[in-house]
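> Fold the following for me, if possible:
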Amino acid sequence: MATSTVVVARGRRLNRPEKLFIAAVLIPVLAHFLLFHALPVLFSFGLSFTNWRILKPPAWIGVQNYVRLMKDPIFWIALRNTFLFTAFFVPPMLAVPLALAVLVNRPTAMAKFYRIVYFLPVVTSFVVFCLIFEWIFQSGPNGLANVALGKLGLHSRTWLEDRHLALPLLAMLGVLKGAAWNMVYFLAGLQGIPDTLYEAAKVDGASPWRTFWRITLPLLRPTIFFVSVLTTIGAFQVFDSAYILTGGGPAYATTTIVYFIYTAGFESFQMGYASCSAYVLLLLILMVTWIQKRFLGKTADWY
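You can find the predicted model right below:
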């Protein structure tokens, strides 16, 4: 009887008010998607085959932008910097949030307090966070980092003006600012693991470290994959910290692909060239995401 009711309900034709309601809900969403997502993507793809300097009409030049990009030494520097930043940024953005999630995954009042404290950098304005970071690592003797080095009897450093230190410092800034956001994902994954598995491991005499490696980490595989993909995409799109703190310098040491796109499009007004660079970035992100899917995108399991 219940089955026949479901079949009848599924086969019923929608009346006019129901159709109007569905249209009222879907049309604004679809219009927003087409106007602000699909059309700009298609327009920028066509723009990547043109030479457009905003004040003049776009001129079709075929694949010349892509050929020029492959010969541009600044692009290759930006590409190298982006991969280096990803290497500096992604592993800590997996390890630190996971450690924080394990620490606060306790049903205590202090654990709730620490969750709030750890999450404060996320809700802090990024510009304010950058200014505090710049004050700590300023090159002069009054910089907090140089004061600490002086207390240890070490020489002061130029920090953000050092081409070897600037990029790792930007990665450190990103970890300090966003680690708590990934902590939330890992905390949700930890709370989804059945307590019975930990109870059984405790009865069998497993140590906390062995429990973590044999139960927690394998069952967090989907969460680790999800967080790693989001973090890697964010690393490839880094721009704001380089723009605010270093301006792409010193000597292009912090010029990333997105910063390269910004300078090409909004400083040199080469919109076709900037669009071409953006689609190369899209291709790189797709390739890296496929690699992560290949090696990390496994179902939850235990060894």
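
> Please make it C-alpha for all contacts and neighbour counts, starting now.
Noted.

> burial measure for F226, as a count.
Close neighbours of F226, defined as other CA atoms under 10 Å, add up to 18.

> same question, A31
The tally of other residues near A31 (other CA under 10 Å) stands at 12.

> residues of the strand or helix carrying it that come out buried?
Element membership of A31, judged by DSSP states H and E, is helix 16-33. When burial is assessed from 16 or more other CA atoms under 10 Å, helix 16-33 yields no buried residues.

> got it, and stretch 158-177?
Quick answer for stretch 158-177 (16+ other CA under 10 Å): 158-161, 163, 166-177.

> average pLDDT across it?
For stretch 158-177, mean pLDDT is 94.

> and if you look at stretch 52-71?
The pLDDT scores in stretch 52-71 average 92.

> Just the C-alphas of it, formatted as CSV.
This file holds the C-alpha atoms of stretch 52-71, laid out as CSV (Å, rounded to 0.1, in the frame of the first residue of the first chain):
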residue,chain,number,x,y,z
TRP,A,52,42.8,43.7,-25.5
ARG,A,53,44.1,46.8,-23.6
ILE,A,54,40.7,47.9,-22.4
LEU,A,55,40.7,51.3,-24.2
LYS,A,56,40.9,49.7,-27.6
PRO,A,57,38.7,47.0,-29.1
PRO,A,58,40.0,43.4,-28.7
ALA,A,59,42.0,42.1,-31.6
TRP,A,60,42.1,38.4,-32.4
ILE,A,61,45.6,37.0,-32.3
GLY,A,62,45.0,33.3,-31.9
VAL,A,63,47.4,31.4,-29.6
GLN,A,64,50.0,34.1,-29.5
ASN,A,65,49.3,34.9,-25.9
TYR,A,66,50.0,31.2,-24.9
VAL,A,67,53.2,31.2,-27.0
ARG,A,68,54.3,34.4,-25.4
LEU,A,69,53.5,33.1,-21.9
MET,A,70,55.6,30.0,-22.4
LYS,A,71,58.6,32.3,-23.3
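
> element containing the nearest residue to V184 once chain neighbours are set aside?
Among residues not flanking V184 along the chain, A101 sits closest, at 7.2 Å (CA to CA, 6 or more residues apart in numbering). Using DSSP H and E, A101 sits within helix 73-104.

> one step back: can you flag which of the buried residues of stretch 158-177 belong to strands?
Among these, no member falls in strands (DSSP state E).

> So which of the residues you listed are in helices?
Here DSSP state H is the test, and the buried residues of stretch 158-177 give 166-177 as lying in helices.

> what's the burial count for A251?
The number of residues packed around A251, counting by other CA under 10 Å, is 10.

> How much space separates it from P92?
Counting by CA to CA, to the nearest Å, the gap from A251 to P92 is 26 Å.

> Okay, buried residues for whichever helix or strand comes after the helix holding A101 please.
Going down the chain from helix 73-104, the next helix or strand is helix 109-123, by DSSP H and E. Neighbour counts over helix 109-123 (16+ other CA under 10 Å) mark 115, 118-119, 121 as buried.

> Show me what the mean pLDDT comes to for helix 109-123.
The model assigns helix 109-123 a mean pLDDT of 84.
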